[in-house]
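S.K.: Please work out how this folds:
(2 chains, ligands or ions: 3)
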Amino acid sequence: MYTERLQTFTLWIEKGLNKVFSQKYNPFYYHGALPNFFIWTLFISGLLLFAYYVPTMTKAYPSVKYITEQIPFGNAFRSIHRYAADGMMIFVLLHMLRVWFTDRYREYRIIPWLTGVILLTITFLVGLTGYLLIWDQEAVNLTSMTVNLLGALPLVGAGLAEFFMPGGKMVDFTLTRLLFLHLAIPGLLMFFLWMHYLRITRPVTDAPAPLYLLLLGGLFMICGFFPVELGADPNRAAFSQSISFDLLYMWPQWLAVKGWDAGWVWALTLGVIVALLWLPYLHKKTLRGQFAHVKFENCTGCSLCYHDCPYEAIEMVDRDDDTRFKRLAVVDAGRCSNCGLCVGACAFKAIEIPRRESADVLEEIKVALATTSS
Amino acid sequence: MTSTENKEKIIGLVCERSVELKDQLDEKGCLKDDPNVQIIKVPCSGMIQPIMLETALKNGADGTFACGCRIGDCHYREGNKFLRERLLGTRMPKIKPSTDQRRIQAYWLSVLEYEKLQEMVGDFQEYLKTIDSSDAATGSASQAVEASS
Ligand code: HEM
Ligand code: SF4
Ligand code: SF4
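M.R.: Numbers count the residues shown, from 1 in each chain, chains lettered A, B, ... in the order given. Ligands and ions are numbered 1, 2, ... in the order given. As a prediction, this is how the structure comes out:
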């Protein structure tokens, strides 16, 4: 399968990274934790911006200008917020590619994958609204492009365009609604992140401190060398102005400027989302309904397997049969990955996975030693 | 008497997702490069029970090792981490204190790292020759278990 080659490719990169970072600090081993780092950086830097931002037509630009020029480290915070958003998108994409390439995205991992696609969409929407809030001439131009794209959607398009530009005009509501979305969508992100972790026992959400320091250092360096700028005042400037697009977030608008029809831009956007949602179902099923089995007569109810199962597939239930044990491990077939971690955890030979019985492993060890030592 | 007679017999429990051994094994499942090393595959190193390693030693192996993926890259997220903790004695079920822990090692290697495995198994064999079996001091496993980082 093509996935095998993708996996070898990923492992090859990781082998190189192990040489640079050592196994303990290899950033690829914290692929889920790194997006979390950017979420926190964005939250903290965003708080300061939010404290001074005024979402009205006449005051938005001056308030951003005030942040940029008057507040101590104001522009540093703007720069951090901007580049952390880029970092967020890059590391979320890397995380997605890694779980895909290493074949960790289907069957019992379907919930993390599907919620992941939603998280990706949400990340994109937060960044998009953020760029519009700057409200310099560039942002104003981008806003009208965005509303044009929205208006081209069938059925809902007209309503959406009206929501952002009542009567086809930019008014104070335009900005309050953008700001509302920019703050409310991250709330949704938190909700879906909770769903993302539902089937993952002990998700690795933290990386070691040296990695954080490295990322922060890198972020500060970029901010120092390329501090963000503020464009012209939209209340005064001439309309025509060149726009520099951040393609991580503004590619739909960029495509529109390149002459793409709005319909094609939407077809591409929705096509990518649907393809990503579909991806896990294209792969042949490999588990074929296999899952761990508990031997009731051996289980002591010690719950070691329950604690060690990496996919929340084991539940401890009360038992009242003729044994002296009070609890029993029960496996949820749909969640089980057939990994055997529960076998390694059980000291009572009470749980087995069908593809490899622990008794067979022990037998093979004995046979191997019996034939050679004679 | 074969030429392998004076070499140490080793049992290796290897995760089928770590080091690729497809072309390295003979028909009995021993390493072609070193027929004294018998490989037994398991779906994940997290499935390896300490009792499996103890059984190998009890039945006459001179040494035994477990091999899983790089720590941080377990396909099932936590398997190798847990085995490592069991061998280090910080997670239940632990390895029995009475086992000669000098004769147990663990390696954490990816599909691409057969050469490294070969090298470390070679070192292990050399090391096994130097230790005296009558003196079953239960040396600390920590050094061995950290071997490949
Ligand atoms: C806001 C962005 C995201 C964050 C903060 C995030 C965070 C995480 C974390 C912490 C884990 C647990 C890793 C572990 O402990 O093994 C995880 C797992 C996972 N994520 Fe994400 N994720 C995000 C976006 C995505 C996206 C966009 C996708 C794919 C479309 C995705 C797919 C998955 C999958 C399939 C797993 C399960 C991997 C496994 O079981 O080994 N995630 N994520
Ligand atoms: S570890 Fe074994 S004995 Fe303990 S609860 Fe699980 S199946 Fe039962
Ligand atoms: S095999 Fe055991 S540890 Fe692995 S997912 Fe299934 S129940 Fe959980």
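
S.K.: What helix or strand is the residue sitting nearest the centre point of chain B located in?
M.R.: Centrality entry for chain B: nearest residue to the mean C-alpha point is residue B:65, 1.0 Å, by C-alpha atoms, centre = their mean. Assessed by DSSP states H and E, residue B:65 sits inside strand B:63-68.

S.K.: pLDDT of that strand, averaged?
M.R.: Mean pLDDT, strand B:63-68: 96.

S.K.: Please work out how many residues are found near the closest residue to ligand 2 within the stretch 101-250 of chain A.
M.R.: Using C-beta to the nearest ligand atom, the single residue of the stretch 101-250 of chain A nearest to ligand 2 is residue A:201, 14.4 Å away. Every C-beta, even on glycine, is put in place using the N, C-alpha and C of the backbone. Number of residues near residue A:201 (other C-beta atoms under 10 Å in any protein chain shown) recorded here: 17.

S.K.: where does the strand holding residue B:65 sit relative to the chain's centre, distance-wise?
M.R.: Relative to the centre of its chain, strand B:63-68 is centred 1 Å away, using C-alpha atoms, centre = their mean, to the nearest Å.

S.K.: Could you list the domains of chain A?
M.R.: A:2-282, A:293-373 (automatic domain parsing).

S.K.: anything in the last one near chain B?
M.R.: The reference is to domain A:293-373. Yes. Domain A:293-373 comes into contact with chain B (C-beta under 8 Å from any C-beta of the partner chain), by way of A:304, A:308, A:310-311, A:337-341, A:343-347, A:353, A:355-356, A:358, A:361-362, A:364-366, A:368-370, A:372-373.

S.K.: Nearest the geometric middle of chain A, what residue?
M.R.: Note: chain A centre (C-alpha atoms, centre = their mean) maps to residue A:92, 4.7 Å.

S.K.: Could you tell me the per-residue confidence at residue A:196?
M.R.: 98.

S.K.: actually residue B:5, sorry about that
M.R.: 55.

S.K.: quick one: the strands in chain B?
M.R.: Secondary structure of chain B (DSSP state E): strands located at B:10-15, B:30-31, B:34-42, B:63-68, B:104-108.

S.K.: Need those in JSON lines (columns: distance to residue A:51).
M.R.: Listed next are the strands of chain B as JSON lines, based on distance: least, C-beta to C-beta, whole Å:
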{"stretch": "strand B:10-15", "distance to residue A:51": "52"}
{"stretch": "strand B:30-31", "distance to residue A:51": "65"}
{"stretch": "strand B:34-42", "distance to residue A:51": "56"}
{"stretch": "strand B:63-68", "distance to residue A:51": "49"}
{"stretch": "strand B:104-108", "distance to residue A:51": "47"}
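
S.K.: The ones you listed: which one's closest to ligand 2?
M.R.: The nearest among the strands of chain B, by C-beta to the nearest ligand atom, is strand B:34-42 at 17.4 Å.

S.K.: The closest one near ligand 3 at all?
M.R.: No. Strand B:34-42 does not reach ligand 3 (C-beta under 6 Å from any ligand atom); its nearest approach is 12.3 Å.

S.K.: my read: the residue nearest to the centre of chain B touches residue B:8, true?
M.R.: No. Assessed by C-beta atoms under 8 Å, residue B:65 is found out of contact with residue B:8, at 11.7 Å.

S.K.: Just the buried residues of the helix or strand of chain A with the lowest mean pLDDT, please?
M.R.: Lowest by mean pLDDT, DSSP states H and E among the helices and strands of chain A is helix A:358-373, with a mean of 88. Of all the residues in helix A:358-373, those buried under the rule 16 or more other C-beta atoms under 10 Å in any protein chain shown are A:358, A:361-362, A:364-365, A:368-369, A:372.

S.K.: anything in the longest helix seen in chain B near chain A?
M.R.: Ranked by residue count, the top helix of chain B under DSSP state H comes out as helix B:114-130. No. Judged by C-beta under 8 Å from any C-beta, helix B:114-130 makes no contact with chain A; its nearest approach is 9.9 Å.

S.K.: just checking, what packs against that helix?
M.R.: strand B:10-15, strand B:34-42, strand B:63-68, strand B:104-108 (3 or more C-beta pairs under 8 Å, 6 or more residues apart in numbering or on different chains; DSSP states H and E).

S.K.: quick one, which of those is nearest to residue A:35?
M.R.: For residue A:35, the closest of those is strand B:104-108, at 25.2 Å, according to C-beta to C-beta.

S.K.: could you say what helices and strands the closest one packs with?
M.R.: strand B:63-68, helix B:79-88, helix B:114-130, helix B:142-145.

S.K.: change it to 6 Å
M.R.: strand B:63-68 (3 or more C-beta pairs under 6 Å, 6 or more residues apart in numbering or on different chains; DSSP states H and E).

S.K.: Starting from the strand it packs on, tell me which strands it pairs with and how they run.
M.R.: strand B:10-15 (parallel), strand B:104-108 (parallel) (DSSP bridges).

S.K.: May I have the last one exported as PDB, CA atoms only?
M.R.: Okay, so that is strand B:104-108. Extracted in PDB, the C-alpha atoms of strand B:104-108 (Å, rounded to 0.1, in the frame of the first residue of the first chain):
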ATOM      1  CA  ILE B 104      17.700  -8.600  30.400                       C
ATOM      2  CA  GLN B 105      18.000  -5.700  28.000                       C
ATOM      3  CA  ALA B 106      15.500  -3.600  26.000                       C
ATOM      4  CA  TYR B 107      16.000  -1.700  22.800                       C
ATOM      5  CA  TRP B 108      13.900   1.000  21.300                       C
END
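
S.K.: To what extent is the closest residue to ligand 1 within chain B buried, counted in neighbours?
M.R.: Taking C-beta to the nearest ligand atom as the measure, the point where chain B comes nearest ligand 1 is residue B:77, at 4.6 Å. A count of nearby residues for residue B:77, using other C-beta under 10 Å, gives 24.

S.K.: quick one, what contacts it?
M.R.: residue A:310 (C-beta atoms under 6 Å, 6 or more residues apart in numbering or on different chains).

S.K.: same question, residue A:206
M.R.: Counting by C-beta under 6 Å, 6+ apart, the residues that residue A:206 touches are residue A:33.

S.K.: For the stretch 251-374 of chain A, give me the ranges with low pLDDT.
M.R.: A:371-374 (pLDDT under 70).

S.K.: so where's chain B shaky on pLDDT?
M.R.: B:1-6, B:133-149.

S.K.: Run through the residues of it sitting next to chain A.
M.R.: Applying C-beta under 6 Å from any C-beta of the partner chain, we find that chain B lies next to chain A at B:11, B:38, B:40, B:42-44, B:46-49, B:52, B:55-56, B:59-61, B:70-73, B:76-79, B:82, B:92-93, B:110-112, B:149.

S.K.: Does the longest helix belonging to chain A pack against any helices or strands, and if so which?
M.R.: As assigned by DSSP H, the longest helix anywhere in chain A is helix A:74-101. Helices and strands touching helix A:74-101, by 3+ C-beta pairs under 6 Å, 6+ apart, are helix A:2-21, helix A:33-52, helix A:60-69, helix A:110-133, helix A:209-225.

S.K.: which of the residues in the helix or strand where residue A:180 lies are buried?
M.R.: Using DSSP H and E, residue A:180 sits within helix A:172-196. Under the neighbour-count criterion of 16+ other C-beta under 10 Å, helix A:172-196 has A:173-175, A:177-179, A:181-182, A:185-186, A:189, A:192-193, A:196 buried.
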